[in-house]
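Colleague: Need a 3D model of the sequence below.
(chains A and B)
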2 protein chains.
Amino acid sequence: MATIAYEDLTPGLVLDLGKVEIERDEMIEFARRFDPQPFHLDEQAGRESVLGGLCASGWYTSSLWMRAYCDHVLADSTAQGSPGGNELSWAAPVFPEDVLHFGLEVNSQRRSRSKPNLGLVDITGTADRGADRVMRFTFLGLFGTRT
Amino acid sequence: MATIAYEDLTPGLVLDLGKVEIERDEMIEFARRFDPQPFHLDEQAGRESVLGGLCASGWYTSSLWMRAYCDHVLADSTAQGSPGGNELSWAAPVFPEDVLHFGLEVNSQRRSRSKPNLGLVDITGTADRGADRVMRFTFLGLFGTRT
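Modeller: Modelled structure (predicted):
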């Protein structure tokens, strides 16, 4: 049985998902494939944009958060995916060499009515650069129950 | 001046963002880097999960939508990024070889109070597989104005 099941993800639980430094090359490679806007590809275009500099696609930042969530929580859990969320905030641009501190907080949980061996957990994922929150994602995670 | 500016993105506007077929190899490569849950990596693990088969990370589907949005709208626009959204729904799992039809609808728009040469556009992006909606993303896009 996995270590982390529905029952462990109780409201108020806060988990540290570690720190990641934004690597310029991968950041640009991601943007070239999925979000080729000039300010995600080119230094000068970034400086001339309202974003203030070459910066990460929000989808890249979110994907890095997802990886940290996998490594710290999902890898040894009963997770069964997610139907999505109701908030995805890219509150500030993210730049190369930024160090992002990832985390999550459990907001609430409830058992599935239709599938009693599953539960839904309402979670807010966060990415902070120093004191600044640069991303927030509030979503439902589906987890198997122990009993 | 770019072809598409704030003024063009009027409420009710619907745009077709084309179709994309899900490529298994890239789908798995994305999951290995950003979302290495068993049902995103392995056929059997997928079949044994509630998702019913090896399926795409929701972040991959969303990133593919973003690329279509770039190609069809943002590439020749005054876009200045996005502060995020208030709905990201992964309504159904997406499988290799699925053909997704991407689109968007403009919900509303307003000029920025603090920066009169910018406007915020509330947009719902969609991904459909046949008659089934598999993803929906409602967000704000920031665009330069013509006047």
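Colleague: Quick check: beta-bridge partners of residue A:138?
Modeller: Assessed by DSSP bridges, residue A:138 has beta-bridge partners residue A:87, residue A:124.
Colleague: Now residue A:12: closest residue in space, sequence neighbours ignored.
Modeller: Counting by Cβ to Cβ, 6 or more residues apart in numbering or on different chains, the nearest residue to residue A:12 once its immediate chain neighbours are dropped is residue A:106, at 6.6 Å. In short, each C-beta sits where N, CA and C put it, glycine included.
Colleague: what's the distance between the one you found and residue A:119?
Modeller: 11 Å (Cβ to Cβ, to the nearest Å).
Colleague: Comparing those two, which shows the higher neighbour count?
Modeller: residue A:119 (21 against 18; other Cβ atoms under 10 Å in any protein chain shown).
Colleague: and that one, what pLDDT?
Modeller: Residue A:119 is assigned 97 on the pLDDT scale.
Colleague: ok so it is a strand residue?
Modeller: Yes: with DSSP: H, G, I helix; E, B strand; the rest coil as the criterion, residue A:119 is located in a strand.
Colleague: give me the number of residues near the residue lying closest to it once chain neighbours are set aside?
Modeller: Counting by Cβ to Cβ, 6+ apart, residue A:119 lies nearest to residue A:6, which is 3.6 Å off, once chain neighbours are set aside. Neighbours of residue A:6 under the rule other Cβ under 10 Å: 26.
Colleague: just to revisit the earlier point, which residues sit in contact with the residue nearest to residue A:12?
Modeller: Listed by Cβ atoms under 8 Å, 6 or more residues apart in numbering or on different chains, the contact partners of residue A:106 are A:9, A:10, A:11, A:12, A:13, A:14, A:121, A:122, A:123.
Colleague: Now do the helices in chain A.
Modeller: Under the criterion DSSP state H, helices of chain A are mapped to A:24-34, A:38-41, A:43-48, A:58-72.
Colleague: Chain A against chain B: which residues are in contact?
Modeller: A:33-37, A:39, A:49-51, A:57-59, A:62-64, A:66-67, A:70, A:74-75, A:79-91, A:93, A:115, A:118, A:135, A:137, A:139, A:142 (Cβ under 8 Å from any Cβ of the partner chain).
Colleague: which of the residues you listed are buried?
Modeller: The neighbour-count test (16 or more other Cβ atoms under 10 Å in any protein chain shown) marks A:34-37, A:39, A:49, A:51, A:57-59, A:62-64, A:66-67, A:70, A:74, A:79-85, A:88-91, A:93, A:118, A:135, A:137, A:139, A:142 as buried among the residues of chain A next to chain B.
Colleague: Which residue would you name as the spatial centre of chain A?
Modeller: Using Cα atoms, centre = their mean, the residue of chain A that lies closest to the mean C-alpha position is residue A:65, 3.3 Å off.
Colleague: And that residue, how far from residue A:45?
Modeller: Between residue A:65 and residue A:45 the distance is 25 Å, computed by Cβ to Cβ.
Colleague: ok, now residue A:118?
Modeller: Counting by Cβ to Cβ - residue A:118 and residue A:45 are separated by 46 Å.
Colleague: just residue A:17 next, same as before
Modeller: Taken as Cβ to Cβ, the span from residue A:17 to residue A:45 is 31 Å.
Colleague: More neighbours: which of these two?
Modeller: For residue A:17 versus residue A:45, neighbours defined as other Cβ under 10 Å are more numerous around residue A:17 (22 against 15).
Colleague: wait, doesn't the more buried one sit right on residue A:105?
Modeller: No: using Cβ atoms under 8 Å, residue A:17 makes no contact with residue A:105, being 11.0 Å away.
Colleague: Could you list everything residue A:102 pairs with in the sheet?
Modeller: residue A:127.
Colleague: Isn't it up against residue A:126?
Modeller: Yes: using Cβ under 8 Å, residue A:102 makes contact with residue A:126 at a distance of 6.9 Å.
Colleague: And the two? Which one has more around it.
Modeller: residue A:102 (24 against 21).
Colleague: if we can go back for a sec, in strands only, show me the contacts of residue A:106.
Modeller: Judged by DSSP state E, strands contain the following of the contacts of residue A:106: A:14, A:121, A:122, A:123.
Colleague: With distance to residue A:2 and neighbour count added, can I get those residues in JSON lines?
Modeller: Shown next, in JSON lines, are those (distance: Cβ to Cβ, whole Å; neighbours: other Cβ atoms under 10 Å in any protein chain shown):
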{"residue": "A:14", "distance to residue A:2": "20", "neighbour count": "10"}
{"residue": "A:121", "distance to residue A:2": "14", "neighbour count": "23"}
{"residue": "A:122", "distance to residue A:2": "20", "neighbour count": "18"}
{"residue": "A:123", "distance to residue A:2": "17", "neighbour count": "23"}
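Colleague: This completes my enquiry, with thanks.
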